[in-house]
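Asks: here is my input, please return the structure:
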Amino acid sequence: MPNPLRAKVADDEDLVVVMADIFQDDTSGNVSKQWDKHLVTCVRNGNLPGRLLQQEFNVKFVSSSQHATCAEQFAAIRDMLKSTEDDPIRCYNVHTKKKTAVVLRAPGLPGDNPQQSEESSHIGCNGNHPCRKCEWGGTTIEKTSEQVYHNCHLPVDVKRTAQQTRERLQDQLALAARGDAKTIKERQTSTGTKDKLTQYWIDRVLAEFARLRDANPGLDVDALAELTQTWLDNQPGDKINPLLDITGLDPSQDTPVELLHTVLLGVVKYIWHFLNTKQWSDTDRALLAIRLQSTDVSGLTIPPIRAFYLVQYRNSLIGKHFKTLMQTLAFVVHDICTPEQFRLIKAAGDLGARLWIPEIDDMELYLADLKTAIANLLDAFDAVDPLRILVKIKLHLLAHLPDDIRRFGPAIRFATEIFESCNAIFRACSVRSNRLSPSRDIATKFAAIERVRHMLCGGCWYEPKRKIWVQAGQAVLALLHEEPVFQRHLGWVPPKPINAGQTRLASERKQPSVAWSTTRAASYSKANDQPAADSLWRLARTIVAQNGDILRPNSWVYALDAAGSHILGRVAEILVGSETVVTIEQFLCTEQLHEDFGWPVVRRPRGEDITRNGVESFVVLKPNVLQFMCSVQHDCSRGRCKPTVSGRLRQEREETTKEVSLIRHADDEHFILNMAGLHNFVELRRILPASFTTLKPLHEDRRGFHNETAAKAKQLRMTNREKAAEKRRIKAAEKKRLAEAAAVEAQAEDFN
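Replies: The predicted structure is shown next:
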């Protein structure tokens, strides 16, 4: 037998193992702001390619309830997973035309940090041991010691395991059977292991022990413990976390650190909040909004920046806003932040670019660079706020990201945005439920949706009477590929073919034809077969690069020259006539790194570049050499670019009297290659020298730096403690004064 599981299936059946990622979260069943909590569980086929994992079509509803707890729902899922080990699911493979047996496994539990702590039987982020993955922690005073503070920046070697967690929970139940509530609480505090389901039974066991002790005053503790344990063993249901019993799953290690809640709603949000509350004035925020609104977003694949909205509603931003800030904030904060704060903003951009990547070429090289990025971010945070890493567990969890990526692949594979987006479908089913048994009604609706999906994507079902597997007809199968309405409703995004070189033209009325002799291409083309001077050409709005990026005039692009080397340039003109040609204004990505950013400096070719190296200011290229788009930003800190009035604000398509200011660049010479941009960062790493993309540590002696910062953290904590004590003294004195005044008033009334 090549695999023992083969013994459970017939010889004519295929056997496959499907890795089902299980996601659970609470969401509201109401469209209004009134909170109507439902606990929803979904799964996703982890065997799918990474580009399909982030499609709503591939997220499957499992259960929801307003009453069933997390453990109760996971217990049912555990039973289903285990049942497939003995009796695999029978289905039909439409590609091999063979019957197939499916065994389900649970490789990981994506989710936000509080949910993952609950799934790991962990006490939570406010405990003395706040990490669900390792044993780091201690008391408030111990955390500011040099060794513990240093360990907070590392993935501590003492990792939690499922077996260890199970033993600790069983030990707590055994202590409960002896009525020792004090020791249970001490164990939970000292280990950080606390399970909601187990705690429910601990409370019941303690109550039963007290009842038996009152009913049998003559029995000693051992006899009472035996009776209590017998009572507990006779109670139905699970006593500890059911996830600890799933084959191959270790909740403490298989709850990967999630990007949305840990990086965007964690790291970037902390930076944004700190700057807005501790650093920026209203004048600084007004200048920041102008700079953000003037930022070139080409090459970043983000929606247009609504800078004044970001500043006005700075305390109510969501993930997409923080993703935009992570990529652009470093270019707009010069002279309104300290050098330490700038290093922190830049470190967040460096880390983000290395996390939002679709594929990894060299795992060891990538992880080494990622560890440096994480270390730089944590050290930069220490320089700004030494206490932040002790009170925000999300910062410590970053140190565990390399291990998760080694196990599960690129971090975007276990991102939860796609699960969160399915909340809209759940909410639509909830508001249309019968309100009598909403969980069953919602499940029925999702089952109907899944049946439609199954049929439209070519799935088969068994007809017992005919004893055959049948499939929908070709007309039905064509609906998912041809009808955008079905695609939108089912969350399917069909793969778009890349038509490299395809252009989009403006209307003839808006953009009439021009003669070849009047174009830039005519001035810089060196082709032997030049078009006729009076031939007519159209100016195109866009053109598609080889990787599918849509380029526009002024977009920055990497292309191949005649020798096959990569060149960087800015699209100056796209012409369509007898053929398609693109005029690129060439720039040099120099070997010089910017003194503040540490990213490559981009500039125009100079005299020596043109004479010695043959670099041309403009080149005319064919579409097949346009490789991919990138983000290049103007070096406004060097040019000291100032705001200037650019027009009047338009509201509801009407021009108002309010003036709009944008940044006017002092020159068009000095630029910086944006290495915080998420789009095409992998491509940049492949073509740029390693010295451009390999990060250097902020501190060579990290231990020494952490020792200094730990001393500052201890001093800050003592200062905060003294402030709290002073507040308590003032409050106590005020209470005493009021009490004395009341007593005097009472005596006066008695005298009268």
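
Asks: after the helix or strand of the chain with the lowest mean pLDDT comes which helix or strand?
Replies: Least confident element among the helices and strands of the chain, by mean pLDDT, DSSP states H and E: helix 607-613 (a mean of 68). Per DSSP states H and E, the first helix or strand lying C-terminal to helix 607-613 is strand 618-621.

Asks: what is that following strand packed up against?
Replies: Secondary-structure packing of strand 618-621 (3 or more Cβ pairs under 8 Å, 6 or more residues apart in numbering; DSSP states H and E): helix 520-524, strand 566-576, strand 580-593. Every C-beta, even on glycine, is put in place using the N, C-alpha and C of the backbone.

Asks: mean confidence score for that strand?
Replies: Confidence for strand 618-621, expressed as mean pLDDT, is 91.

Asks: tell me which strands that strand pairs with, and in which orientation.
Replies: Applying DSSP bridges, strand 618-621 is found paired with strand 580-593 (antiparallel).

Asks: can you check what angle separates the partner strand from strand 566-576?
Replies: On the basis of axes from the mean of the first three to the mean of the last three Cα atoms, to 10 degrees, strand 580-593 is oriented at 160 degrees to strand 566-576.

Asks: please identify the deepest-packed of the helices and strands packed on strand 618-621.
Replies: strand 566-576 (a mean of 21; mean count of other Cβ atoms under 10 Å).

Asks: what lines up beside that one in the sheet?
Replies: By DSSP bridges, strand 566-576 pairs with strand 536-544 (antiparallel), strand 556-560 (antiparallel), strand 580-593 (antiparallel).

Asks: quick one on the thing from earlier: can you redo the helices and strands packed on strand 618-621 as TSV with distance to residue 422?
Replies: Below are the helices and strands packed on strand 618-621 laid out as TSV (distance: least, Cβ to Cβ, whole Å):
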stretch	distance to residue 422
helix 520-524	49
strand 566-576	38
strand 580-593	41
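
Asks: so which of the ones you listed gets nearest residue 280?
Replies: Closest approach to residue 280 among these (Cβ to Cβ): strand 580-593, 28.1 Å.

Asks: centre of the chain versus the closest one, how much separation?
Replies: 33 Å (Cα atoms, centre = their mean, to the nearest Å).

Asks: alpha carbons only: can I get it in PDB?
Replies: Extracted C-alpha coordinates of strand 580-593, given in PDB (Å, rounded to 0.1, in the frame of the first residue of the first chain):
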ATOM      1  CA  THR A 580       1.700  50.900 -32.500                       C
ATOM      2  CA  VAL A 581       4.700  52.700 -31.000                       C
ATOM      3  CA  VAL A 582       5.400  54.100 -27.500                       C
ATOM      4  CA  THR A 583       7.700  57.000 -26.800                       C
ATOM      5  CA  ILE A 584       9.500  56.600 -23.400                       C
ATOM      6  CA  GLU A 585      11.300  59.400 -21.600                       C
ATOM      7  CA  GLN A 586      14.200  57.400 -20.200                       C
ATOM      8  CA  PHE A 587      15.400  57.800 -16.700                       C
ATOM      9  CA  LEU A 588      18.300  56.200 -14.800                       C
ATOM     10  CA  CYS A 589      17.800  54.000 -11.800                       C
ATOM     11  CA  THR A 590      21.100  54.800 -10.300                       C
ATOM     12  CA  GLU A 591      23.300  52.800  -7.900                       C
ATOM     13  CA  GLN A 592      23.000  55.600  -5.400                       C
ATOM     14  CA  LEU A 593      20.600  55.000  -2.600                       C
END
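
Asks: continuing past that strand, what's the next helix or strand?
Replies: Next in sequence after strand 580-593, counting helices and strands by DSSP H and E, comes strand 600-603.

Asks: go through the host helix or strand of residue 407 and flag the buried ones.
Replies: Assigned by DSSP H and E, residue 407 belongs to helix 401-408. Within helix 401-408, the residues scored as buried using 16 or more other Cβ atoms under 10 Å are 401-405, 408.

Asks: show me which residues of the helix or strand harbouring residue 231 are buried.
Replies: Assigned by DSSP H and E, residue 231 falls within helix 221-233. Using 16+ other Cβ under 10 Å as the test for burial, helix 221-233 gives 224-225, 227-229, 231-232.

Asks: repeat that for stretch 298-314.
Replies: Across stretch 298-314, burial judged by 16+ other Cβ under 10 Å covers 298-300, 302, 305, 307-308, 310-311, 314.

Asks: let's have the residues you listed in TSV, adding distance to residue 438, secondary structure and pLDDT.
Replies: Formatted as TSV, the buried residues of stretch 298-314 follow (distance: Cβ to Cβ, whole Å; DSSP: H, G, I helix; E, B strand; the rest coil; pLDDT from 0 to 100):
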residue	distance to residue 438	secondary structure	pLDDT
298	47	coil	90
299	46	coil	89
300	42	coil	90
302	38	coil	90
305	40	coil	92
307	42	helix	92
308	41	helix	91
310	37	helix	94
311	41	helix	94
314	37	coil	93
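
Asks: I'd like those residues as CSV, with distance to residue 738 appended.
Replies: Shown next, in CSV, are these (distance: Cβ to Cβ, whole Å):
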residue, distance to residue 738
298, 65
299, 64
300, 59
302, 57
305, 53
307, 50
308, 48
310, 46
311, 44
314, 39
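
Asks: re earlier: closest to residue 254 among the buried residues of helix 221-233?
Replies: Nearest member of the buried residues of helix 221-233 to residue 254, counting by Cβ to Cβ, is residue 232, at 28.7 Å.

Asks: contacts only, for the closest one.
Replies: Contacts for residue 232 were tallied using Cβ atoms under 8 Å, 6 or more residues apart in numbering; they are 173, 177, 201, 205, 208, 239.

Asks: how is this structure divided into domains?
Replies: Here the domain assignment for the chain is 4-110+419-490, 123-245, 259-404, 503-693, 699-752, based on automatic domain parsing.

Asks: ok now the last one, how far from the chain's centre?
Replies: Centroid separation between domain 699-752 and its chain, computed with Cα atoms, centre = their mean, is 39 Å.

Asks: which one of the helices and strands packed on strand 618-621 lies nearest to residue 97?
Replies: strand 580-593 (45.0 Å).

Asks: on that earlier part again, so which of the buried residues of helix 221-233 comes closest to residue 485?
Replies: Nearest member of the buried residues of helix 221-233 to residue 485, counting by Cβ to Cβ, is residue 232, at 56.0 Å.

Asks: pLDDT score assigned to the closest one?
Replies: On pLDDT, residue 232 comes in at 94.

Asks: returning to what we had before: quick check: of the contacts of residue 232, which has the highest neighbour count?
Replies: With neighbours taken as other Cβ atoms under 10 Å, the top of the contacts of residue 232 is residue 205, carrying 28 neighbours.
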